[in-house]
Structure formats: structure tokens, C-alpha cells
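In: below: sequence and its predicted model.
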Amino acid sequence: QVQLVQSGAEVKKPGASVKLSCKSSGYRFTSYTIHWVRQAPGQRLEWMGWINPGNGNTKYSEKLQDRVTISRDTSASTVYMEMSSLRSEDTALYYCARDRPYSAGWYNSFDIWGQGTMVSVSS
Amino acid sequence: DIQMTQSPSSVSASVGDRVTITCRASQPLSSWLAWYQQKPGKAPHLLSSTTSSLQSGVPSRFSASGSGTDFTLTISNLQPEDFATYYCQQAHSFPLTFGGGTKVEIK
């Protein structure tokens, strides 16, 4: 079945980096975009950025673009999200999520979600 | 950035009730407004990707409407499995932004 499986929980110290993975299965990897969305405790969902696995194009939230890099490995049907210079405010549940195309572009909403990866940042 | 304001933040209701959740955008979205349901410990689940277009498999007691800046999600005949938190998300322009959520609780 169509699914996104994310890597396991991470505990990091402030200033460190983290790289999360999101493995796709059950569909053609290069035909759908993958977005990253995070949910900090008590906060609303926050969109971080996306990648088009078909051509490698990316787009990031301006707030995070200096610290976030999204990449893909088409041979492994996997998308990665790396965040640097971690702060306590980055403690959150990180989701990857799939968008799908329509005739004139992308829906920019998410029909399949990963299970989430908890990232805790603490000294 | 487009700001999304959801109301109410929580609502208490009984099985069989009708619940209406509203979402207001700071800029016009046309029909590019998505709704999600999230249950504790689970990822959000897409209910509709544009107004008036429910995802396949979503029960017909859910309905989404609105355009421009004002949108509603209505749950008719509330069922036990509908108690959850609901989020709106504007899909009109980047950065994509979400509402603050509405928790539907059992009265």
C-alpha cells in the first residue's frame, strides 16, 4: 500500500544538526512531491519546505531556509530533511507528507503522511 | 504570509450533533483550502483538498464550503470516531500555512 515511513526519534544538543529520512513505497516516487511539516508541542502545524523528487527542485519556508536542506535519493525512493544549528524551539514532531498533481499543477495539500519523527533538542 | 484563523478552538458536542468549524484567511484563497482531521498520536488525515471536494472515503456527514476568505467544515450527525482535532490549511500560496486547530470533544 501507499506509505511513507520515517526514521526514528532523535535527541540532539543545541547547535547540532539532524538528518531525517522518509522512505516512500507503493507508488511512483518521482510523480509526487514530498513536503516536510512540523508540529511543536502546543503549536500549530508549520510547513517547512518541499522537494520534487522527479527533478530535485526544492522550495523552503523563508523562516527556515538558512538551516534546512531537503534532498532525495531516487534509487532508494527516500527523501531527507537536514536541519542545522538546532535550537530548543526546534523540538517538535516532524512529518513528511505527499502532495499529488492535478492538470494545472499541485494541490499543495497532503494525502499521505509519514508516522512522524520526534526531534528533541536539549542541553 | 497568509494568516489562518480557526474558530472555535474547542467545542463540546454529543453524538448526533451538528458541528461547524470556521476558518478565515487573511487573503483570498479562491477555493484552495484543505481540511484535516488529527487524532491523538496520529498524523493528520486529509478530509478535503479544496472546498466542496471531499477526499475519497470520507463519510458524507462531512462537508466543506466557502471561498475567498471564509470557509467552513461541517460535521452532521457527529459519530464517536469524529472526536478529534481539525485543522484548515491554505493551499493557495507559499508558505503554506495552517489554522490553529479546533478540538471536538465529547460533551
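Out: Good, I have the coordinates.
In: contact partners for the spatially most central residue of chain B?
Out: Among the residues of chain B, the one closest to the centroid is B:Trp35, at 4.0 Å (C-alpha atoms, centre = their mean). By C-beta atoms under 8 Å, 6 or more residues apart in numbering or on different chains, B:Trp35 lies in contact with B:Cys23, B:Leu46, B:Leu47, B:Ser48, B:Ala64, B:Leu73, B:Tyr86, B:Tyr87, B:Cys88, B:Gln89. Any C-beta I mention is one placed from the backbone N, CA and C, and that applies to glycine too.
In: next one: A:Met83
Out: Shown here is A:Met83, whose contacts under the criterion C-beta under 8 Å, 6+ apart are A:Ser17, A:Val18, A:Leu64, A:Arg67, A:Val68, A:Asp90, A:Val119.
In: circling back to that earlier point, so the residue nearest to the centre of chain B belongs to a strand, correct?
Out: Yes. With DSSP: H, G, I helix; E, B strand; the rest coil as the criterion, B:Trp35 is assigned to a strand.
In: leaving aside the residues next to it on the chain, what's closest to it?
Out: Spatially, and ignoring its direct neighbours in sequence, B:Trp35 is nearest to B:Leu47 (4.4 Å; C-beta to C-beta, 6 or more residues apart in numbering or on different chains).
In: re the thing from before, return a ChimeraX selection command for the buried portion of the contacts of A:Met83.
Out: A single ChimeraX command suffices to select whichever of those are buried according to 16 or more other C-beta atoms under 10 Å in any protein chain shown:
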select /A:18,64,67,68,90,119
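In: name the nearest of the contacts of A:Met83 relative to chain B.
Out: When the contacts of A:Met83 are compared for distance to chain B, the smallest value, 9.3 Å, is given by A:Leu64; criterion: C-beta to the nearest C-beta.
In: for the closest one, helix, strand, or coil?
Out: Reducing the assignment at A:Leu64 to three states with three-state DSSP gives coil.
In: give me the below-cutoff pLDDT ranges for chain B.
Out: Applying pLDDT under 70 to chain B picks out no residues at all.
In: name the element the spatially most central residue of chain A belongs to?
Out: The centroid of chain A falls nearest to A:Trp36 when counting by C-alpha atoms, centre = their mean (2.8 Å). Per DSSP states H and E, A:Trp36 falls inside strand A:33-39.
In: mean confidence score for the following helix or strand past that strand?
Out: The first helix or strand that comes after strand A:33-39 along the chain, using DSSP H and E, is strand A:45-51. Model confidence over strand A:45-51, given as mean pLDDT, is 98.
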